[in-house]
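>>> next one to model:
(2 chains)
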Amino acid sequence: MPDLSFVFAQSLSGLTAAMFLFLIASGLSLIFGVLRVLNFAHGTFYMLGAYSAYQIVQWLGTGPVSFWVAALGAATSVALLGGIVERFLFQRLYGKEELYQLLFTYALVLVLGDAAKIIWGTQQKSLSRPPGLTGALSLFGATIPYYNLFIILLGPAIALGFWFALQRTRAGRFIRAAALDRETLGALGVNVNALYTGVFVLASFLGGLGGALITPMRAIVPGMDTEVIVEAFVVVVIGGLGSFWGTFLGALIYGQVLSFGILFFPRFSIFSIFALMAAVLIIRPWGLLGKPLK
Amino acid sequence: MIRALTLLLAALLALPIAAEAQKPIKVGMPMPLSGPAALFGEPATKGAQMYIDEINAKGGVLGRKIELLTRDSKADANEAVRVARELILKENVDFLVGTLTSAEGPAVSVVAKENKIVFIAPIPKTDQLTAPDKLHPYVFRVAANTTMEGRSAAEIVARWPVTKIGTIAFDYAYGQDVTRAFVEHIKKIKPSVEIVDQQWPKLGEQDYNPFINAQMAKKPEAVVSSIWGGFFVTFSKQAKALGYFDALKYNFIGLGEAGSPETTKAMGADYPTGIWGNSYDAFYWEDNPGAHKDYTARVSKYLKDEYPSSWAIQGYIGMQFLVEAIKKANSTDSDKVAKALLGLSVDTPVGKLILREKDHQANRGQLYGKTAKDAKYPFSIMKPVTYVDPTKFMD
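Now for the predicted structure:
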């Protein structure tokens, strides 16, 4: 039996991973829930968020707030890019076969990935943790870096904000309605195209923010997009594609299984995740909190 | 009259040979040029190209120019095999120099064997590439192998006042092989050592927190890691935040070029200065062989980088061996060049290297050192830089 402080530390590291994944997977899930498109390029938006944050910090220098300005600036620029992509390219694909949509998002991965390589090169980049969050907290014998704590708190904050926006605001009602029945919503006089653009912009913002906020914990390298997209897919598949709380739950489960899986199967940490995903798919093919597609 | 005709005939016969002599010698280079490994693949191809440019400027070899054909292997064994075949069958390359990962190298070696084409591996480290059952007349390696890297780490760690050791490595050929070589050698030279923990994240892992917690819970006094490249940046950022290096009192050795200038440069103040690391090359190597300073100046100019990449030298040395072998064989015939490579000794920027006859392996070591701050550079460097000559413990 491992001692309790270790179990505590391990569950917190699982929680940090989970909240990061939630940030990224929520955008993926949102686009699928409303637009019914599996956006492979979501990982690329995450990568562009990381590179943009790096770029902005280069311009601003390392001041007390430059990291936060960079994170928001990066997320906003990625959101803007997402808006342009949706408005001018994606909108031509609605109602077409799913295969075209998949191919398009995949092409976007390749094109934007190459563009990033042309702009920033192949050398690895890195950003430091923002001043004020560089230390660590000692709690019950476990070391919890302040930055991890910030992420752990940010995840639920975003989840609650999301929930509030979807349930309590006018735009949220439209988004929920669009997920259910696009035609009727359009017939009622709502500008569905603008709504879709808005959703895409919001999802891209979340992806970009996730990328910017991961920079103090990971290297910024070409290829970081494809690494994360697989994890995000696993999360939404476990939780249920298009289900908001499902994504949250999926991320929580993913983090804990990864953290504790390595104790029981030290050499098959990745295996425990896929085993879990397979089990979920067998019992509930639409994910834990998802609904079967009609 | 007859004499004149004979002369004319002789001249005509000589023409195709002269024309043949003008054709360039083609060298195919499969190398990762996209994805995370492009970080190393790109400078390695540039190092090779630089050597070729220098040789061509002097008139080439055997009167022929050399032409380098690079292809993106995507750090994937299947893709490396595909481009190697394409280079041989479509482009008719005479030789292969290339590959980076320990998955690509052995896969391309099989292609070289089938097509009887000399293949020089400048970077892959897995022992399996030149293991007795995999060795064939056409495969050669001018990089250090996992035995040499793991054993040299053991030689360093054995001097530390520690007995409880942990390891962390990616769970694939390179990580497994280098860890095994380390563990076997340290148990031999310092039997009091106990391996208290071994962590095996998957190749390309992005979240090391659970592995770091699990390792710290076992309280090792020193750790040997072979997490490489951008992954080391990710790993050490997360480890540093958790107080991992402090808990180890910086008794940590990062194999897989964790001490390389590009890694310390990328991390700046975040680099866990005080650990040990290795590198293929270091431009700040003070007591280096004379040829090294010269090389560094040239590569810095070629790459347009004040602090040049440590991976360019691998492509450079790989091409050096090929060209010297062609000269020695006085032919571009693969069988003759393969024979010329056996026991070939070449003056490289890191000193004289010899390709052993028995296992086609060069005695290429690495640069090791404890990382430290130096006012001259905006990033950590290894100080002092020590070249570990592996000749003593290659077998």
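>>> what segments of the chain are helices?
This is for chain A. For chain A, the helices defined by DSSP state H occupy A:4-35, A:42-60, A:66-88, A:98-120, A:146-168, A:170-180, A:182-187, A:192-214, A:224-239, A:244-264, A:269-283.
>>> not quite, go with chain B.
All helices of chain B, identified by DSSP H, fall at B:2-22, B:38-57, B:77-89, B:104-115, B:146-157, B:173-189, B:209-217, B:229-241, B:244-247, B:261-267, B:290-302, B:312-329, B:334-341.
>>> okay if I get these as JSON lines plus distance to chain A and mean pLDDT?
Using the backbone N, CA and C atoms, a C-beta is placed for each residue, glycine as well. Formatted as JSON lines, those follow (distance: least, CB to the nearest CB, whole Å; pLDDT from 0 to 100):
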{"stretch": "helix B:2-22", "distance to chain A": "36", "mean pLDDT": "59"}
{"stretch": "helix B:38-57", "distance to chain A": "4", "mean pLDDT": "94"}
{"stretch": "helix B:77-89", "distance to chain A": "14", "mean pLDDT": "96"}
{"stretch": "helix B:104-115", "distance to chain A": "16", "mean pLDDT": "96"}
{"stretch": "helix B:146-157", "distance to chain A": "18", "mean pLDDT": "95"}
{"stretch": "helix B:173-189", "distance to chain A": "10", "mean pLDDT": "95"}
{"stretch": "helix B:209-217", "distance to chain A": "3", "mean pLDDT": "94"}
{"stretch": "helix B:229-241", "distance to chain A": "4", "mean pLDDT": "91"}
{"stretch": "helix B:244-247", "distance to chain A": "9", "mean pLDDT": "96"}
{"stretch": "helix B:261-267", "distance to chain A": "5", "mean pLDDT": "90"}
{"stretch": "helix B:290-302", "distance to chain A": "15", "mean pLDDT": "95"}
{"stretch": "helix B:312-329", "distance to chain A": "13", "mean pLDDT": "97"}
{"stretch": "helix B:334-341", "distance to chain A": "31", "mean pLDDT": "97"}
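>>> just send those back as a markdown table, with distance to residue A:188 and mean neighbour count too.
Below are these laid out as a markdown table (distance: least, CB to CB, whole Å; neighbours: other CB atoms under 10 Å in any protein chain shown):
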| stretch | distance to residue A:188 | mean neighbour count |
| --- | --- | --- |
| helix B:2-22 | 77 | 9 |
| helix B:38-57 | 51 | 22 |
| helix B:77-89 | 51 | 20 |
| helix B:104-115 | 58 | 22 |
| helix B:146-157 | 66 | 24 |
| helix B:173-189 | 59 | 21 |
| helix B:209-217 | 48 | 24 |
| helix B:229-241 | 49 | 25 |
| helix B:244-247 | 57 | 18 |
| helix B:261-267 | 53 | 24 |
| helix B:290-302 | 65 | 16 |
| helix B:312-329 | 64 | 25 |
| helix B:334-341 | 74 | 20 |
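>>> do you know how far the spatially most central residue of chain B is from chain A?
Residue closest to the mean C-alpha point of chain B, counted by CA atoms, centre = their mean, is residue B:123 at 2.7 Å. Noted for residue B:123: a distance of 15 Å to chain A, by CB to the nearest CB, to the nearest Å.
>>> and that residue, how far is that from residue B:312?
Separation of residue B:123 from residue B:312 (CB to CB, to the nearest Å): 11 Å.
>>> is residue A:44 in contact with residue A:110, as I believe?
No - judged on CB atoms under 8 Å, residue A:44 makes no contact with residue A:110 at a distance of 9.0 Å.
>>> apart from its chain neighbours, what residue comes closest to residue A:42?
In space, residue A:42 comes closest to residue A:28 once its chain neighbours are excluded; the distance is 4.7 Å by CB to CB, 6 or more residues apart in numbering or on different chains.
>>> give me the pLDDT value at that neighbour.
pLDDT, residue A:28: 92.
>>> can you name the residues bridging to the closest residue to chain B within the stretch 51-200 of chain A?
Chain B sits closest to residue A:145 of the stretch 51-200 of chain A, with a gap of 3.7 Å, by CB to the nearest CB. Legend: beta-bridge partners of residue A:145 under DSSP bridges are residue A:136.
>>> sorry, back to before: check the residue nearest to the centre of chain B and give its pLDDT.
Note on residue B:123: pLDDT of 95.
>>> comparing residue A:44 and residue A:110, which residue is more hemmed in?
Using other CB atoms under 10 Å in any protein chain shown as the criterion, residue A:44 and residue A:110 rank with residue A:44 on top: 28 against 13.
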